[in-house]
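Enquirer: I'll drop the sequence and a predicted model, then ask my questions.
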Amino acid sequence: MKEILLLKDGEIVLKGLNRRSFEDVLKKNLKNTLRSLGRFEITSAQSTIYVKPLSDDIDLDEACDRVSKVFGIVAFSRAAVCEKTIDDILSTAPEYLAKELSFAKTFKVEAKRSDKKFPLKSPEICREVGGEILSKFPHLRVDVHNPELIVNVEVRDFGAYIHGEPRKGAGGIPVGTGGKAAILISGGIDSPVAAYMMAKRGIQLTAVHFASPPYTSRRAEDKVVRLLRKVSKYAGPMKMYTVPFTKIQEKIKDECPEELFTIIMRRLMMQISSNVAQQNECFALITGESLGQVASQTIGALACTDDASDMLVFRPLIGMDKQEIIDISYKIDTYDISIEPYEDCCTVFTPKHPRTRPVLKYVIEAQEKPGFEPLIEEALANLKLTYISAEDD
């Protein structure tokens, strides 16, 4: 029995004259995520994308799992393909959904007839298919209001399709349609979630990670790579630049007021990340900051941080509480990695009493006095580039 994946567009249907370009990017992303599984034919019509496997040995369970993480799809179904005749539909529906029908107690049939040349109307298709299912599974009863199983019959231009209830897709818009931005990524819970949130809005990501050996270990950097591989399942392949930050942090510790350690560190991170972002044609920075979560994330502290960069800064978690962020980290499978006990540079030299209401004028004076420019240039000259792909996870 031939099978196909039917994917329903999400926000793309609202894009008007730009809709075709969004669909083209979505189909490209689907091809990329499915390429290693085998050859597929991907076409679109009537707000539906058809993903047809071109060989019988393709793992459709894995294909469904990958499709569920592609932004731009609101729902999808694994469906049986049959001829556009009522006899073929009646023989296919009970056979294809036999397992689900055996365990269910109630069901109903829903039919959509996009091809108006088909001789039966939707109510007639429902009646015929429902009667056939009852004859094969007499333990069932019809419940049109709250059924355990919905049998879907779609009669379209290219064939008839039988499937159960659609699975929820990732939503959002296709990665690559919203521009490029650089995510400041650490090994914590927040920044991987922020990366996921912005990828969902079509952003193509470049990652910037700050490492401070020997205060941070190689395991800490490996942890970030594993986190990005999880994010890459949704966001697609990306580059990660690791910035050597040890000398800069030691200079902050030796020559800056302790209560401003974190603010000055964040400002320097923004300056370096802006440089990396511009080199990669990114037009914004992304951080995982949430208002009031820690001392460096008060309104005053964030204003001082933003002043260090002339780029747009996205903070998708700014209004979320910690539990909301944790819930998303569970969803995208990053939580268990994030809580591994490997320090990142944001926790190195943390002041005992950080300034929660810093004054920008004094922060700038404290930062300019030591003269960080040569160390910034040295860090930028020694960036480490890692290519991230979900295929490596």
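Expert: On my side now, so go ahead. Numbers count the residues shown, from 1 in each chain.

Enquirer: Check this protein for its longest strand and report it.
Expert: Counting by DSSP state E, the longest strand found in the chain is strand 73-82.

Enquirer: Show me the contact partners of the following helix or strand past that one.
Expert: Downstream of strand 73-82, the first helix or strand assigned by DSSP states H and E is helix 86-96. Outside helix 86-96, the residues within contact range by CB atoms under 8 Å, 6 or more residues apart in numbering are 1, 80, 82, 101, 119-120, 125, 128-129, 132-133, 136-137, 151, 153, 155, 160, 162-163. (Each C-beta comes from the backbone N, C-alpha and C, glycine too.)

Enquirer: Quick one: list the elements packing against the longest strand of the chain.
Expert: strand 3-9, helix 60-67, helix 86-96, strand 149-156, strand 159-163, strand 167-168 (3 or more CB pairs under 8 Å, 6 or more residues apart in numbering; DSSP states H and E).

Enquirer: can you tell me which residues contact the residue of the chain positioned farthest from its centre?
Expert: Centroid-distance maximum for the chain: S135 at 44.1 Å, with CA atoms, centre = their mean. Under the criterion of CB under 8 Å, 6+ apart, S135 has no neighbours.

Enquirer: And it, which helix or strand is it part of?
Expert: Counting by DSSP H and E, S135 is part of helix 122-136.

Enquirer: Can you mark which positions in that helix are buried?
Expert: I125, C126, E128, V129, G130, E132, I133 (16 or more other CB atoms under 10 Å).

Enquirer: Was I right to think the last one contacts L140?
Expert: Read that as I133. Yes: using CB atoms under 8 Å, I133 makes contact with L140 at a distance of 6.7 Å.

Enquirer: overlap in contacts of the two?
Expert: L101, F107.

Enquirer: May I ask you to confirm that L375 is in contact with K247?
Expert: Yes: if you go by CB under 8 Å, L375 and K247 touch, sitting 5.2 Å apart.

Enquirer: about what we covered before: Throw the buried residues of helix 122-136 into TSV and include pLDDT, thanks.
Expert: Shown next, in TSV, are those (pLDDT from 0 to 100):
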residue	pLDDT
I125	97
C126	97
E128	97
V129	97
G130	97
E132	97
I133	97
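
Enquirer: about what we covered before: the helix holding S135: what's the following helix or strand?
Expert: Next element after helix 122-136 (DSSP H and E): strand 141-142.

Enquirer: Partner strands of that next one and their direction?
Expert: Counting by DSSP bridges, the strands paired with strand 141-142 are strand 106-113 (parallel).

Enquirer: how about the strand it pairs with: buried residues?
Expert: F107, K108, V109, E110, A111, R113.

Enquirer: ok, the closest residue to the second one other than its chain neighbours - how many residues close by?
Expert: Closest residue to K108 in three dimensions, ignoring its sequence neighbours and counting by CB to CB, 6 or more residues apart in numbering: P147, at 4.4 Å. Here the neighbour count serves as a burial measure; for P147 (other CB atoms under 10 Å) it reads 19.

Enquirer: Next one: P147, what pLDDT does it get?
Expert: For P147, the pLDDT comes out at 97.

Enquirer: How about D9?
Expert: 89.

Enquirer: what does L30 give?
Expert: pLDDT, L30: 97.

Enquirer: In this structure it contacts I49, no?
Expert: Yes: with contact defined as CB under 8 Å, L30 reaches I49; the gap is 7.2 Å.

Enquirer: Is the residue lying closest to K251 once chain neighbours are set aside part of a helix or strand, or is it coil?
Expert: Using CB to CB, 6+ apart and skipping the chain neighbours, the partner closest in space to K251 is P370 (5.5 Å). Under DSSP: H, G, I helix; E, B strand; the rest coil, the three-state class of P370 is coil.

Enquirer: Buried by neighbour count: which residues of stretch 267-284 qualify?
Expert: Quick answer for stretch 267-284 (16+ other CB under 10 Å): 267-277, 280, 282, 284.

Enquirer: err, stretch 355-375, not the other one
Expert: R355, T356, P358, V363, A366, Q367, F372, L375.

Enquirer: now for the residues you listed, which pair is the farthest apart?
Expert: Farthest pair in the buried residues of stretch 355-375 (CB to CB) is T356 and L375. Separation: 27.0 Å.

Enquirer: circling back to that earlier point, which member of the buried residues of strand 106-113 is positioned nearest I185?
Expert: For these, the nearest to I185 is E110 (44.0 Å; CB to CB).

Enquirer: which residues of the stretch 1-150 of the chain score low on pLDDT?
Expert: When residues are selected by pLDDT under 70, none of them lie in the stretch 1-150 of the chain.

Enquirer: show me where pLDDT drops low in the stretch 201-350 of the chain?
Expert: 345-349.

Enquirer: the helices in it, which residues?
Expert: Taking DSSP state H, counting those that start in this stretch as the test, the helices found in the stretch 201-350 of the chain are 218-235, 246-255, 261-279, 299-306, 322-331, 335-338.

Enquirer: Show me what the fourth one is packed up against.
Expert: Secondary structure elements in contact with helix 299-306, counted by 3+ CB pairs under 8 Å, 6+ apart, are helix 261-279, helix 360-368.

Enquirer: circling back: check the buried residues of stretch 267-284 and tell me the two furthest apart.
Expert: The most widely separated members of those, counting by CB to CB, are R267 and N280 (20.8 Å).
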